[in-house]
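Q: Here is the input, now give the coordinates:
(one chain, ligands or ions: 1)
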Amino acid sequence: MDRFVIEGGRPLSGEIGVMAAKNAVLPILAASIMAAEGETVLRNIPAIQDVATLIKLMGTMGVKAHFNADNSIKIDASGLKTFHADYDLVRRMRASVLVMGPLLARMGKCEVSLPGGCNIGARPIDQHLKGFEQMGVTFEESEGYIIGTVGELQGGKVYFDRPTHTGTENIMMAAVMARGTTEIINASCEPEVKDLADFLIAMGAKIKGAGTPYMIIEGVDTLTGVEYRPMGDRLEAGTYLLAAMATRGDIKIEGIRPIDLGLAIRKMEEMGAEITTTDSSVALRMLGRPARTDVITMPFPGFPTDLQPMVTSVLALGEGTSYLRETVFENRFLHTMELARLGADIRVQGDTATIDGVPRLKGAAIMASDIRGGAGLVVAGLAAEGITEVMRVYHIDRGYDRIEKSLTRLGARIQRVNKGEYRS
Ligand code: EPZ
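A: Numbering: from 1, shown residues only. Prediction:
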């Protein structure tokens, strides 16, 4: 089982570009199932496990999708032959539920294994189902599968009790081929939702208001395959920026829209980072120890929950006591116990972590438990003095395309080793 061995204490420096956003690519791949004709070509796609898992799942349904060496994916969905999404693949990636909207739109039926929870929370899909039911779908559960049936998806007013990122995406995909006009109320405003809408519009969909809490979608009969380059990964970019803060570095990230990082950039400046931006890049320089600050994770444009583990690592080195409140997921502090092994002083009470900054962290062996928690541990290891080993990096590989190569290009000393291959 691979692990990372990091020689910490080196400031990150240099320039790097980001790949397409995992959380845009996954719904866009699912949406490509809806093109009964024409080929879809997606570009700048990261070679990450979640993309491979979804491509495999689509293959079992008769959708041909191939990942090419130039980081493009070619998809032909004309051969879609089943509405069954198998447990063995869905259990590996809960975002597989994103095939529900496309299957209901194209086949009037879906049979999808109920996704398990994961380390960061129960992550139910009740809001997805409630949205589909408002469009005329009836559901039954059988042997761990949720089976949805609908004669013809009906447009109308669909609302969510709370903003849900993939829930909004699922309902949007169903609505683009429903009868009549659908209004979605309390929609998620995450940038990836807007990017999915732009892809669907390129395929022939009629969508207004994507990226705002209120969307209006006019149903159409057919969608066709298109060529598309999804948005740059704001979470990959945020990970590198926070790693540069933790190591007092000086880096520039290309291929990212600053607006997509919402409040995160403001909070980095509050902690003392010097940030300059263009329409498609963010540069950051960190001279001293991070200043203390308070962070509350919120849906976009609030501070993204997916950058919470990384900012925790930065604040662990901060001047003074910081308070971090996680309002999106109920169990997203697992990484704090691992940070304590590096000398961090963090106390978690309910949804709030109290972080007493320490002047330095010291390397140790630590273990990743989810994508972003693992990335947060890497950020801490890059700053810690001495050697840090991060175990179970397969969690990190689900969302980052060989993160060790990108960080090495930014001057880090990090190696992926497997049982004893470490070269000092
Ligand atoms: C998406 O997950 C992302 N995944 C997550 O990124 C991200 O952390 C999350 O949005 C929040 O931004 C993808 O886009 C593939 P939600 P999603 O539905 O859609 C509750 C990563 O590391 N909820 O917005 O599952 C839910 O339990 C991953 O890239 C319900 O109660 O998140 C959570 O507490 C991790 N019922 C909150 O809402 C529902 O039906 C937000 O969930 C749906 C959600």
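
Q: Can you report how many residues lie near the closest residue in space to Glu133 that isn't next to it in sequence?
A: Closest residue to Glu133 apart from its sequence neighbours, by C-beta to C-beta, 6 or more residues apart in numbering: Phe139 at 7.1 Å. (Glycine included, C-beta is placed from N, CA and C.) Phe139 is flanked by 14 other residues according to other C-beta atoms under 10 Å.

Q: The ligand versus Phe139, what's the distance?
A: As judged by C-beta to the nearest ligand atom, to the nearest Å, Phe139 and the ligand stand 13 Å apart.

Q: what residues does the helix or strand where that residue lies touch?
A: Using DSSP states H and E, Phe139 maps to strand 138-142. Under the criterion C-beta atoms under 8 Å, 6 or more residues apart in numbering, residues 114, 129, 132-133, 146-150 lie in contact with strand 138-142.

Q: Please spell out the PyMOL selection for the buried subset of the residues you listed.
A: In PyMOL, selecting the buried portion of the contacts of strand 138-142, with burial taken from 16 or more other C-beta atoms under 10 Å, looks like this:
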select buried, resi 114+129+132+146+147+148+149+150
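
Q: Report the contact partners of Ala174.
A: Neighbouring residues of Ala174 by C-beta under 8 Å, 6+ apart: 100-102, 104-105, 131-132, 135, 137, 153.

Q: Let me have those residues in JSON lines, extended by distance to Lys208, pLDDT and secondary structure.
A: Shown next, in JSON lines, are those (distance: C-beta to C-beta, whole Å; pLDDT from 0 to 100; DSSP: H, G, I helix; E, B strand; the rest coil):
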{"residue": "Met100", "distance to Lys208": "23", "pLDDT": "97", "secondary structure": "helix"}
{"residue": "Gly101", "distance to Lys208": "18", "pLDDT": "98", "secondary structure": "helix"}
{"residue": "Pro102", "distance to Lys208": "21", "pLDDT": "98", "secondary structure": "helix"}
{"residue": "Leu104", "distance to Lys208": "22", "pLDDT": "98", "secondary structure": "helix"}
{"residue": "Ala105", "distance to Lys208": "19", "pLDDT": "97", "secondary structure": "helix"}
{"residue": "Gly131", "distance to Lys208": "18", "pLDDT": "97", "secondary structure": "helix"}
{"residue": "Phe132", "distance to Lys208": "21", "pLDDT": "98", "secondary structure": "helix"}
{"residue": "Met135", "distance to Lys208": "18", "pLDDT": "98", "secondary structure": "coil"}
{"residue": "Val137", "distance to Lys208": "23", "pLDDT": "98", "secondary structure": "coil"}
{"residue": "Leu153", "distance to Lys208": "18", "pLDDT": "97", "secondary structure": "coil"}
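
Q: sorry, back to before: which one of the contacts of strand 138-142 sits closest to Arg229?
A: Among the contacts of strand 138-142, Phe132 lies closest to Arg229 (C-beta to C-beta), at 29.8 Å.

Q: Just confirm Met268 is within a strand.
A: No: secondary structure assignment places Met268 outside any strand; it is helix (DSSP: H, G, I helix; E, B strand; the rest coil).

Q: Offset the numbering so it begins at 53, please.
A: Happy to do that; since the first residue is 53 now, the last one works out to Met320.

Q: Quick check: it vs the ligand, distance?
A: In this structure, Met320 and the ligand are 19 Å apart, going by C-beta to the nearest ligand atom.

Q: thought that residue was touching Ala295?
A: No: counting by C-beta atoms under 8 Å, no contact exists between Met320 and Ala295, whose distance comes to 11.7 Å.

Q: What distance do you get for Lys258 to Leu275?
A: Using C-beta to C-beta, to the nearest Å, one gets 11 Å for the distance from Lys258 to Leu275.

Q: what touches both of those two?
A: By C-beta under 8 Å, 6+ apart, Lys258 and Leu275 have these common neighbours: Val228.

Q: related to what we said a few turns ago, can you flag the buried ones in the contacts of Ala226?
A: Restricting these to buried positions leaves 152-154, 156-157, 183-184, 187, 189, 205, with burial counted as 16+ other C-beta under 10 Å.

Q: mind listing what's buried in the helix or strand of the chain with the lowest mean pLDDT?
A: Between all helices and strands in the chain, the lowest mean by mean pLDDT, DSSP states H and E belongs to helix 139-142, at a mean of 88. Residues of helix 139-142 classed as buried: 139, 141-142 (neighbour count, 16+ other C-beta under 10 Å).

Q: Dump the residues you listed to JSON lines, plus distance to Lys133.
A: Supplementary listing: the buried residues of helix 139-142 in JSON lines, determined by distance: C-beta to C-beta, whole Å:
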{"residue": "Tyr139", "distance to Lys133": "19"}
{"residue": "Leu141", "distance to Lys133": "16"}
{"residue": "Val142", "distance to Lys133": "18"}
